[in-house]
Structure formats: C-alpha cells, structure tokens
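Participant: Got a predicted structure here, sequence first:
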Amino acid sequence: MMLDLRPGSVVCESGTGSGSVSHAIIRTVAPTGHLHTVEFHQQRAEKAREEFREHHLSRWVTVRNQDVCRSGFGVSHVADAVFLDIPSPWEAVGHAWDALKVEGGRFCSFSPCIEQVQRTCQALAARGFSELSTVEVLPQVYSVRTVSLPPPDLGAAPGPDAGPFRSGAPMKEAVAPRLDLRTQPIRPDASCRIAGTTGPWTTGTKDECVATPTGCKKGHLSPGPEGEVGGESMSNCVPEL
C-alpha cells in the first residue's frame, strides 16, 4: 500500500532475508511485474532462490548476492518502487534513486530504531526525495481463527515453471477443499496480543525531473564548462513538451 504496487510494477528490494516480504511483493506485481531482490549473505540468497524455484515463482524474481550499499540493485531507472530492510538504509538511498524510474517512484524503508529513521530521512531529503513520512507500527490485538482460502491465481502462462496456476482459470476451480469438521474442527476465536517492538516505516517519493533550456526543477544543468550540479546532468531528465 505504501509503495502503490499493482500488477505490472517493477520493485527493487533489499535485504531478502527469509523471503516472506518478497513472496508478498511477487503476488502483488504478478503476472506482468518483476522483483529484483538483493541479499548480502550468500547462504540466505541461495536459500531464497531455491524457495522461489520450489514455489514456481522464479520467472517473477531476480536474486542477487551483493552489498546493496556498495553495489546497488544491479538495475538502473527501471523500478516503480524500492523497499529496504537493512541495518543502514541511508547508505543505499543513492542506489535507490538510481534504480527508480526517471519519471519517479516510491521508496519505503523499515527500521526498528529511531536513529536509523533520522539518518535515512536526512539522506532522502539530501538526495531530492519528497513527501517524506514515517509511520510507527504498534502491537495490536488479533482474533485468531482457522479459515480455508483458495490458492492465489498469478495468471502464469503455461510452461514448465507455471506451477499450479493456469492463466485465465476461474478462481472457483482453484478453491481449496472445504474443511471436514468431523476431523478438522475450526478453533474458537481467541484474542491474543502480539508482543514486539515498534517498527517505523519511512516512505518518500522520487519526483519526475522535467528538463528545460536552463535546467530542471531538481537543479540539474546541461553539461557545460561549469560542470554539473549535484553530480548529475539533465541526461536522465524527461524533456519538456
């Protein structure tokens, strides 16, 4: 929701970790979108790549084993959104800007410590991101019960990696069998409190750069004897119509 994702979106993510967020992103952007996920630890990257294959999701995700703060996401100007869950997200803000499309995109970072949030917001503002916002996630009371849900229809085309989903198949054909209450009774509702620390989510927006004869609204200038402003020229700005 914070990243405005939809089917067809291209997303860059780091770190991959257990891949739980990656799976959620893939289900959101499929069948025409793609996820580029970067994991620093080699073993975690290999494990995530293996699980994506087992779950027949490989066609929608590219896993890279590298340091996103030093090497970036491995792509430039293709992403609609960037999500970070790393110890020092402020060090990857520049790479996030480069990965996002020239016409703009959304940024989101999860950090458990307010000091991380402060440094990330400073880096985002310095880089030119706008609409900066931080939302604190607090523990809530949940009602726990067992339900039967259909498997997701990702609209995959027929193929060796298509998995259990068929393109255009009606959802009713994929509905899971009903529970046999004689052997699998539904548990009664039970309220429980999920313990844990708060988790601030910081978001920002990369605005579109529009090139004009004298410069763009981000302060980038045409290459000239005086050099470039902010280390960037207007080569990646959208021409003014």
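Facilitator: Nice, thanks for sending it over.
Participant: Please, where are all the strands along this protein?
Facilitator: All strands of the chain, identified by DSSP state E, fall at 10-14, 34-39, 61-65, 81-84, 105-110, 130-137, 141-144, 190-193, 199-206, 210-211, 238-239.
Participant: List the neighbouring strands of the first one plus their orientation.
Facilitator: Here the strand partners of strand 10-14, with direction, are listed using DSSP bridges: strand 34-39 (parallel), strand 81-84 (parallel).
Participant: Now render these as CSV, adding mean pLDDT.
Facilitator: As requested, the strands paired with strand 10-14 are exported to CSV (pLDDT from 0 to 100):
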stretch, mean pLDDT
strand 34-39, 98
strand 81-84, 97
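Participant: any idea how far residue 146 is from the residue nearest to residue 8 when sequence neighbours are not counted?
Facilitator: Nearest residue to residue 8 in three dimensions, chain neighbours excluded: residue 32, at 4.3 Å (CB to CB, 6 or more residues apart in numbering). Every C-beta, even on glycine, is put in place using the N, C-alpha and C of the backbone. In this view, residue 32 and residue 146 are 33 Å apart by CB to CB, to the nearest Å.
Participant: Same check on residue 4?
Facilitator: Applying CB to CB to residue 4 and residue 146 gives a distance of 32 Å.
Participant: What of residue 68?
Facilitator: For residue 68, the distance to residue 146 equals 38 Å [CB to CB].
Participant: Number of residues surrounding the nearest residue to residue 3 once chain neighbours are set aside?
Facilitator: Among residues not flanking residue 3 along the chain, residue 81 sits closest, at 3.9 Å (CB to CB, 6+ apart). Other residues near residue 81 come to 25 when the count uses other CB atoms under 10 Å.
Participant: which residues does residue 81 bridge with?
Facilitator: Beta bridges link residue 81 to residue 11, residue 106 when assigned by DSSP bridges.
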